[in-house]
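**Q** Have a look at this prediction, sequence included:
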Amino acid sequence: MNIQWYPGHMTKTRRMMEENISLVDVVIELLDARLPLSSKNPDIDSLARNKKRIIILNKADLADDKKTALWEKYFKEQGFETVQVDSISGKGIKEIMPIARSLMAEKIERLKKRGRIFVPVRAMIVGIPNVGKSTLINKLVGRNMAKTGDKAGVTRGKQWIRIKKDFELLDTPGILWPKFEDEAAGLKLAFTGAVNDDILDSPELACRLIEYLNDLYPSAIKDRYGIEYEENTAAHDVLRLIGEKRGFIRKGGETDSKRTADILIDEFRGAKLGRITLD
Ligand code: G4P
């Protein structure tokens with residue numbers, strides 16, 4: 001299964017991102033806690049060089065707690081301030097601003113010594129599509145902002161949202177392109193819905209997902225659907241068992257693999273099969 005995602009105007013996206021990043025002190029990079037590596041665009045390191053950085057492991061509510069703790073440790077060891085966040089409930093969000101301020105403490109001190117009375121921290125949020133940028137911005141701001149399209153070159157006046165007296169956020173998040181370095185990263189992004197569903201064949205995607213789950217969380221499918229199967233059962237047979245169990249049978253007695261696949265993918269995304277981390 002070959003998954004590609006290529007924005008129409010990659011160069012333009014990059015240029016806009018560079019422009020916006022040059023305006024801020026702190027870059028808040030959102031990763032999907034379920035796949036912190038596959039949802040990370042490595043170009044951010046060059047795009048945001050010389051900037052203070054905070055890594056947010058977002059959707060932590062959907063990810064495997066133990067693995068999220070390990071990922072948090074991993075990024076911290078790499079020298080990044082790292083926070084686990086659930087942008088829907090708001091858990092973890094209040095840690096972000098104090099961290100941003102502490103990262104800026106030296107600069108603020110320096111500027112104050114030179115006579116600047118007031119130095120606000122300016123930040124922007126970046127991440128791949130669907131990682132939760134708008135949700136987090138809305139939660140930080142405390143009201144709903146209009147969602148900007150995932151398009152390059154959507155030019156509007158730069159607007160700063162003052163969240164606290166000394167903390168301002170660029171109102172437009174930076175959209176990074178996902179990095180399909182290997183087939184596995186592309187697949188995992190597709191499982192979580194980071195790639196447009198319309199271009200994917202759902203029974204095929206569901207079968208790949210079944211293979212991953214059987215490997216990483218061998219009881220997840222069995223527990224969710226109340227079915228039993230051997231370790232080496234083919235993925236399409238597992239999909240058929242799920243369909244039978246749910247009663248998704250077509251006229252003629254065949255299981256409806258499309259409907260079963262859609263349900264499985266949907267339930268996986270909603271963490272109905274448990275909190276699962278794929279990286
Ligand atoms: P984006 O701006 O980065 O493209 O992402 P956006 O905020 O639109 O979020 C994408 C989807 O992820 C939304 O769900 C949103 O509700 C969900 N989401 C964002 N942060 C979190 C989180 O921390 N935990 C969980 N569980 N979900 C999160 P959707 O189904 O596409 O939209 P909606 O129907 O919820 O509006």
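**A** It's in.

**Q** Quick one: name the residues of the protein near the ligand.
**A** Taking Cβ under 6 Å from any ligand atom as the contact definition, the chain meets the ligand at 58-59, 61-62, 86-88, 127, 129-135. Using the backbone N, CA and C atoms, a C-beta is placed for each residue, glycine as well.

**Q** Give the buried subset of those residues as a ChimeraX selection command.
**A** Entered in ChimeraX, the line below selects the buried ones among those, by 16 or more other Cβ atoms under 10 Å:
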select :58,59,61,62,86,87,127,129,130,131,132,133,134,135
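
**Q** Lowest-confidence entry in the residues of the chain next to the ligand?
**A** Ranked by pLDDT, those bottom out at P129 (90).

**Q** picking up where we left off before, out of the residues of the chain next to the ligand, which sit inside helices?
**A** Residues of the residues of the chain next to the ligand located in helices (DSSP state H): 133-135.

**Q** May I see those organised as TSV, with distance to E181 added?
**A** Converted to TSV, those look like this (distance: Cβ to Cβ, whole Å):
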residue	distance to E181
K133	22
S134	26
T135	26
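
**Q** In terms of residue numbering, what are the domains of this protein?
**A** Recorded structural domains for the chain (assignment: automatic domain parsing) are 8-171, 201-269.

**Q** Quick one: the ones you listed as JSON lines, columns for distance to G193 too.
**A** Formatted as JSON lines, the domains of the chain follow (distance: least, Cβ to Cβ, whole Å):
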{"stretch": "domain 8-171", "distance to G193": "6"}
{"stretch": "domain 201-269", "distance to G193": "5"}
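
**Q** L278: which of those domains is closest?
**A** Closest to L278 of the domains of the chain is domain 8-171 (Cβ to Cβ; 5.0 Å).

**Q** which one in the chain is furthest away from the centre?
**A** In terms of distance from the mean C-alpha position of the chain, G252 ranks first, at 41.2 Å (Cα atoms, centre = their mean).

**Q** Backbone torsions only: list them for that residue.
**A** Dihedral pair for G252: phi 100, psi -10, per degrees, to the nearest 10.

**Q** ok, back up a step: and the residues of the chain next to the ligand, which of them are in strands?
**A** 58, 127 (DSSP state E).

**Q** Comparing the domains of the chain by mean pLDDT, which bottoms out?
**A** Among the domains of the chain, domain 8-171 scores lowest, with a mean of 89.

**Q** Show me the longest helix that occurs in the protein.
**A** Using DSSP H, we find that the single longest helix of the chain is helix 96-113.

**Q** Mind listing what's buried along that helix?
**A** For helix 96-113, burial by neighbour count (16+ other Cβ under 10 Å) applies to 96-97, 99-101, 103-104, 108.

**Q** Relative to the ligand, which of those is nearest.
**A** Ranked by distance to the ligand (Cβ to the nearest ligand atom), the buried residues of helix 96-113 are led by I96 at 12.9 Å.

**Q** residues contacting the closest one?
**A** With contacts defined as Cβ atoms under 8 Å, 6 or more residues apart in numbering, I96 is in contact with 28, 54, 56, 83, 85, 140.

**Q** What separation is there between the residue in the chain that the ligand sits nearest to and V141?
**A** Distances between the chain and the ligand by Cβ to the nearest ligand atom are smallest at G132, namely 2.9 Å. Separation of G132 from V141 (Cβ to Cβ, to the nearest Å): 14 Å.

**Q** which strands and helices sit next to the helix or strand harbouring K258?
**A** Remark: K258 resides in helix 257-269, with elements defined by DSSP states H and E. Here helix 257-269 touches helix 183-192, helix 202-216, helix 235-246, going by 3 or more Cβ pairs under 8 Å, 6 or more residues apart in numbering; DSSP states H and E.
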